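Peer 1: Could you work out the structure for the sequence below:
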Amino acid sequence: MLHGRWVGLKVVAVFLGTHTPRLDDKGRLTLPAKFRDALAGGLMVTKGQDHCLFVFPRAEFEEMARKVAQAPFTNEAVRAYQRYLFAGTDEQRPDGQGRISIAAELRRYAGLSKDCAVIGAINRLEIWDSAAWQRYLEEHEESYAQAQEAVLPGVM
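Peer 2: The predicted model follows:
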């Protein structure tokens, strides 16, 4: 069962864990079964940082999009970020088998091949090429192990 947290009067999905689905020949990815209920109402796939893809439940993405849209569009960096985020977002609804189609441009951006890693990142999923995810883990393992109070004040 997918865990959740209360925000106001609604339960917000909490995505955790690592899963290793494969892309099929049509560019479809089967979502991990434990996340399907939280994403059944629709989801947004967008370019994330570090050349992965972010997958947000539709409501979570809309909340974030409202905040991004409130930033002053007179600022060039804000306009660039808004364009990049919104132009690179694809709305999806999982089919009966829990599959979503990953657009060719999004697959290219994330360097997705057959083997993928889908990781839970609290309010979103991240889709990585499996080899890129392993490299990322190896490169950042030591900094995670040495996380200091300055990095996460009051948490550790």
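Peer 1: helices or strands up against the strand or helix carrying residue 109?
Peer 2: Per DSSP states H and E: residue 109 is located in helix 104-110. Here helix 104-110 touches strand 43-47, strand 53-57, strand 125-129, going by 3 or more CB pairs under 8 Å, 6 or more residues apart in numbering; DSSP states H and E. All C-beta atoms are positioned from the backbone trio N, CA, C, and that covers glycine.
Peer 1: Quick check: which of these is nearest to residue 105?
Peer 2: With distances scored as CB to CB, the stretch of the helices and strands packed on helix 104-110 nearest to residue 105 is strand 43-47 (8.8 Å).
Peer 1: and that closest one, which strands flank it?
Peer 2: Applying DSSP bridges, strand 43-47 is found paired with strand 53-57 (antiparallel), strand 90-92 (antiparallel).
Peer 1: Save those as JSON lines, and put in mean neighbour count too.
Peer 2: Listed next are these as JSON lines, based on neighbours: other CB atoms under 10 Å:
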{"stretch": "strand 53-57", "mean neighbour count": "24"}
{"stretch": "strand 90-92", "mean neighbour count": "16"}
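Peer 1: With mean pLDDT and distance to residue 110 added, can I get the ones you listed in CSV?
Peer 2: Converted to CSV, the strands paired with strand 43-47 look like this (pLDDT from 0 to 100; distance: least, CB to CB, whole Å):
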stretch, mean pLDDT, distance to residue 110
strand 53-57, 97, 5
strand 90-92, 96, 12
